[in-house]
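Asker: build me a model:
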Amino acid sequence: MALLGRRVVVVLVAYLDDSGKDPQNPITTVAGYAAPAHVWERFEREVEPIIQARIGDLPIHATNLYRGEPPYEDWSVLNKQAFVASLCRVLYPFEPLAVSFSVRKASYRVRAIEMIKRGLHKRIVTPYTFCFERIFDWILLDVRVGKIANEEGLALFVEAGNEHNAEAQQSYEYIKEHFGLDQLKSLTFVGKEDCRAIQMADLWAFYTRRHNRKIEVEGVEPPVDPVLQVLRENLRHKSYVATDFGPEINASRFFSGWRPDAERSS
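Answerer: Residues are numbered from 1 along each chain as shown. This next block holds a predicted model:
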């Protein structure tokens with residue numbers, strides 16, 4: 001991916017299962033990393049020899065790693081941990097901010113229907129776009145990367161192929177124009193094979209979503225997966241699962257998904 005200047009670059013991957021193909025998953029998650037552009041340039045350059053030595057030109061897929069599917073067949077847990085740790089040792093000294101925002105889909109659906117029935121809104125964005133909006137609000141308000149983002153600009157790289165990406169782009173353009181956020185410089189959709197940065201985000205998204213899903217299903221904090229434990233070490237991160245929704249409950253300057261009728265077309 002082409003990176004310019006000092007601006008902050010955010011790479012995001014989503015796990016949502018909104019199609020109903022995986023109804024056992026109660027949450028939608030969007031997650032990734034934020035760091036200045038020069039960090040990603042160095043990461044891509046320095047991590048490539050490490051990945052080549054282990055899996056060659058293949059992209060890193062978190063689901064394959066977790067399930068022990070090719071090219072990770074017969075890998076032990078310790079081997080997986082060591083591989084992920086080698087990636088983290090390249091990126092984490094640059095002090096990226098890791099973000100993971102999840103939505104309880106059932107609660108979101110109920111509140112959306114309530115808002116529409118009450119005539120307060122004609123249309124509510126999907127949980128995916130809700131997560132997307134909250135994340136770049138986090139980035140712009142962050143004490144470290146937010147300062148650079150507001151001064152130099154923010155570029156978003158989101159994994160391509162999601163059916164809700166068009167809505168996310170509409171939301172991005174609406175927020176940029178309506179709130180006068182000139183620091184939002186670009187939104188680009190990239191494939192999993194296009195860069196190692198988006199593959200790193202895939203690891204963070206998969207393992208944080210899996211952990212938060214267990215909390216939702218079991219109602220208690222589960223043991224931390226060994227790979228997630230490695231991903232969390234020496235990392236500044238924010239993770240949140242939204243379980244109730246509305247303008248008052250989820251206040252932000254973007255109103256995260258709740259558009260007044262006069263400002264959002266049906």
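Asker: can we go C-alpha only for contacts and neighbour counts from here?
Answerer: Fine.
Asker: can you list the helices and strands that the helix or strand containing residue 135 packs against?
Answerer: Residue 135 belongs to helix 127-141 when assigned by DSSP states H and E. On a contact count with 3 or more Cα pairs under 8 Å, 6 or more residues apart in numbering; DSSP states H and E, helix 127-141 meets strand 27-36, strand 97-104, helix 145-152, helix 165-178.
Asker: single out the most deeply packed of those.
Answerer: Most buried of those, by mean neighbour count (mean count of other Cα atoms under 10 Å): strand 27-36, with a mean of 27.
Asker: got the CA positions of the following helix or strand past it in PDB?
Answerer: Moving toward the C-terminus from strand 27-36, the next helix or strand (DSSP H and E) is helix 37-55. What follows is helix 37-55 as a C-alpha-only set of coordinates in PDB (Å, rounded to 0.1, in the frame of the first residue of the first chain):
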ATOM      1  CA  ALA A  37       3.000   5.900   8.000                       C
ATOM      2  CA  HIS A  38       6.700   5.500   8.500                       C
ATOM      3  CA  VAL A  39       6.100   2.700  11.000                       C
ATOM      4  CA  TRP A  40       4.100   0.700   8.500                       C
ATOM      5  CA  GLU A  41       6.800   1.300   5.800                       C
ATOM      6  CA  ARG A  42       9.400  -0.100   8.100                       C
ATOM      7  CA  PHE A  43       7.200  -2.900   9.300                       C
ATOM      8  CA  GLU A  44       6.500  -4.100   5.800                       C
ATOM      9  CA  ARG A  45      10.200  -4.100   5.000                       C
ATOM     10  CA  GLU A  46      11.500  -5.700   8.200                       C
ATOM     11  CA  VAL A  47       8.800  -8.300   8.700                       C
ATOM     12  CA  GLU A  48       8.900  -9.800   5.200                       C
ATOM     13  CA  PRO A  49      12.100 -11.900   5.700                       C
ATOM     14  CA  ILE A  50      10.600 -13.400   8.900                       C
ATOM     15  CA  ILE A  51       7.400 -14.400   7.200                       C
ATOM     16  CA  GLN A  52       9.200 -15.700   4.100                       C
ATOM     17  CA  ALA A  53      11.200 -18.000   6.300                       C
ATOM     18  CA  ARG A  54       8.100 -19.500   7.800                       C
ATOM     19  CA  ILE A  55       5.300 -19.500   5.200                       C
END
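Asker: now do helix 37-55: distance to the chain's middle.
Answerer: When distances are taken as Cα atoms, centre = their mean, to the nearest Å, helix 37-55 is centred 20 Å away from the chain's centroid.
Asker: ditto for stretch 210-217
Answerer: 16 Å.
Asker: what does stretch 155-169 give?
Answerer: Using Cα atoms, centre = their mean, the offset of stretch 155-169 from its chain centre is 11 Å.
Asker: which strand or helix spans residue 9?
Answerer: With DSSP H and E as the test, residue 9 turns up in strand 8-15.
Asker: now the angle between helix 145-152 and that strand, please.
Answerer: 120 degrees (axes from the mean of the first three to the mean of the last three Cα atoms, to 10 degrees).
Asker: quick one: buried residues of the helix holding residue 135?
Answerer: Using 16 or more other Cα atoms under 10 Å as the test for burial, helix 127-141 gives 127-140.
Asker: farthest-apart pair in those, please.
Answerer: 127 and 140 (20.4 Å; Cα to Cα).
Asker: returning to that earlier point: just put the buried residues of helix 127-141 in TSV and tack on pLDDT and distance to residue 229.
Answerer: Shown next, in TSV, are the buried residues of helix 127-141 (pLDDT from 0 to 100; distance: Cα to Cα, whole Å):
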residue	pLDDT	distance to residue 229
127	89	27
128	91	25
129	91	28
130	89	27
131	92	23
132	91	24
133	89	27
134	89	25
135	91	22
136	84	25
137	87	26
138	91	23
139	92	23
140	91	27
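Asker: where does the chain dip in pLDDT?
Answerer: Along the chain, the parts satisfying pLDDT under 70 run over 1-6, 16-24, 119-123, 246-266.
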